[in-house]
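Asker: Fold the following and give me the result.
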Amino acid sequence: MSTMTPCTPTTPTRAWLESLRPKTLPLAFASIVMGSAIASLQGVFHPLTALLALLTAGCLQILSNLANDYGDAEKGSDTPDRVGPLRGMQKGMITAAQMKRAIMLTIALTIVCGIALIAVACHKPSDVVGFLILGLLSIGAAITYTVGTRPYGYMGLGDISVLIFFGWISVAGTFYLQAGHFDWIVMLPATATGLLATAVLNINNLRDIETDSANGKNTLAVRLGPVNARRYHATILSAAALCLAIFSAVHLHHWSGWLFLLALPMLVVHIKRVNHAKTSLEVRPLLEHMVKAALLTNVLFAAGLLLN
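Answerer: As a prediction, the model looks like this:
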């Protein structure tokens with residue numbers, strides 16, 4: 001039976017919004033909020049640095065979204081048979097040339113925001129060089145997930161990339177830019193945030209597992225298979241909660257440090273729903289549910305840090 005998603009009539013503006021995917025921005029911002037909350041806990045919060053980090057993260061997320069649509073459309077992996085929504089290029093509303101121009105513009109905006117962030121926050125030449133390199137690596141990672149001759153998203157490496165860039169680099173980098181130094185205290189929350197973002201990617205890939213497999217897109221979910229991909233999903237969510245619990249037990253001495261526990265019922269329900277969803281159509285609504293669960297967990301933990 002076909003799982004074809006009907007192509008509803010759309011306008012050029014709607015097509016661009018579908019490709020920009022503004023609903024993904026809160027998850028990108030979550031890592032910056034987490035890093036800034038830890039900086040506040042340590043008494044080194046800098047509002048301007050945090051704002052510029054948010055702008056840079058937003059640009060990188062939009063760049064990743066546009067490049068992902070371009071790469072998948074060029075490789076033909078986003079077909080009408082996929083359960084997920086078709087974007088502007090797949091609908092024929094955006095040409096490859098237009099998407100390339102949009103990607104170049106977003107790269108330029110990302111560089112401007114990144115340079116402004118470095119100019120404000122970095123006071124040592126080594127920090128300037130280090131964050132310039134990290135910035136270029138982040139831009140490269142955003143583009144090459146699906147673009148190029150050997151996109152790493154097609155080799156099952158997307159999950160580790162999300163953990164590194166949405167977790168460790170984003171959270172620890174945001175903290176470093178405000179504190180002026182690295183502290184291992186940041187790594188448990190950074191890992192948790194990265195794992196929650198990875199879970200969002202995994203549920204997206206679990207939804208598309210059949211079409212991705214048929215089109216040669218060997219995501220980690222495809223490599224693991226539907227059964228093990230569900231076990232993996234439960235494992236990374238459990239590990240994220242464990243990281244936050246260990247941090248709170250060791251470093252926080254106030255009830256507010258356990259606010260994130262209010263999100264656990266939602267995570268447990270999500271895991272149960274994923275395990276009971278046997279088809280891609282049943283998995284589809286769980287992507288939005290996972291995004292909300294990840295955001296709630298991050299926001300509650302960050303709020304707990306601010307109240308501590």
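Asker: and the next element down the chain from the top helix by length along the chain?
Answerer: Taking DSSP state H as the criterion, the chain has its longest helix at helix 220-251. Downstream of helix 220-251, the next assigned helix or strand under DSSP states H and E is helix 264-276.
Asker: Need the contact partners of that following helix.
Answerer: Residues from elsewhere that reach helix 264-276 (CB atoms under 8 Å, 6 or more residues apart in numbering): 203, 206, 230, 233-234, 237, 241, 282-283, 286, 289-290, 292-293, 296-297. Every residue, glycine included, has its C-beta placed from N, CA and C.
Asker: Which pair in these has the greatest spatial separation?
Answerer: By the measure CB to CB, Ala241 and Glu282 form the most distant pair in those, at 24.3 Å.
Asker: re the thing from before, what angle separates the longest helix of the chain from helix 264-276?
Answerer: 160 degrees (axes from the mean of the first three to the mean of the last three CA atoms, to 10 degrees).
Asker: What helices and strands are in contact with helix 220-251?
Answerer: helix 187-207, helix 209-214, helix 264-276, helix 280-307 (3 or more CB pairs under 8 Å, 6 or more residues apart in numbering; DSSP states H and E).
Asker: most tightly surrounded among these?
Answerer: Burial of these is given as mean neighbour count (mean count of other CB atoms under 10 Å); helix 187-207 ranks first at a mean of 26.
Asker: so how far is that helix off the chain centroid?
Answerer: Centroid displacement of helix 187-207 relative to its chain, using CA atoms, centre = their mean, to the nearest Å, is 7 Å.
Asker: What average pLDDT does that helix get?
Answerer: What helix 187-207 shows for mean pLDDT is 96.
Asker: Kindly export it (C-alpha atoms) in CSV.
Answerer: Output in CSV follows, covering the C-alpha atoms of helix 187-207 (Å, rounded to 0.1, in the frame of the first residue of the first chain):
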residue,chain,number,x,y,z
MET,A,187,29.8,18.2,29.8
LEU,A,188,27.0,16.2,31.5
PRO,A,189,24.3,18.8,30.5
ALA,A,190,26.0,19.2,27.1
THR,A,191,25.8,15.4,26.5
ALA,A,192,22.2,15.3,27.7
THR,A,193,21.2,18.1,25.3
GLY,A,194,23.1,16.4,22.5
LEU,A,195,21.4,13.1,23.1
LEU,A,196,17.9,14.7,23.1
ALA,A,197,18.7,16.3,19.8
THR,A,198,20.0,13.0,18.5
ALA,A,199,16.7,11.4,19.6
VAL,A,200,14.9,13.9,17.4
LEU,A,201,17.0,12.9,14.4
ASN,A,202,16.5,9.2,15.2
ILE,A,203,12.7,9.4,15.2
ASN,A,204,12.9,11.4,12.0
ASN,A,205,15.0,8.6,10.4
LEU,A,206,12.8,5.9,11.9
ARG,A,207,9.8,7.5,10.2
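Asker: Noted, bye for now.
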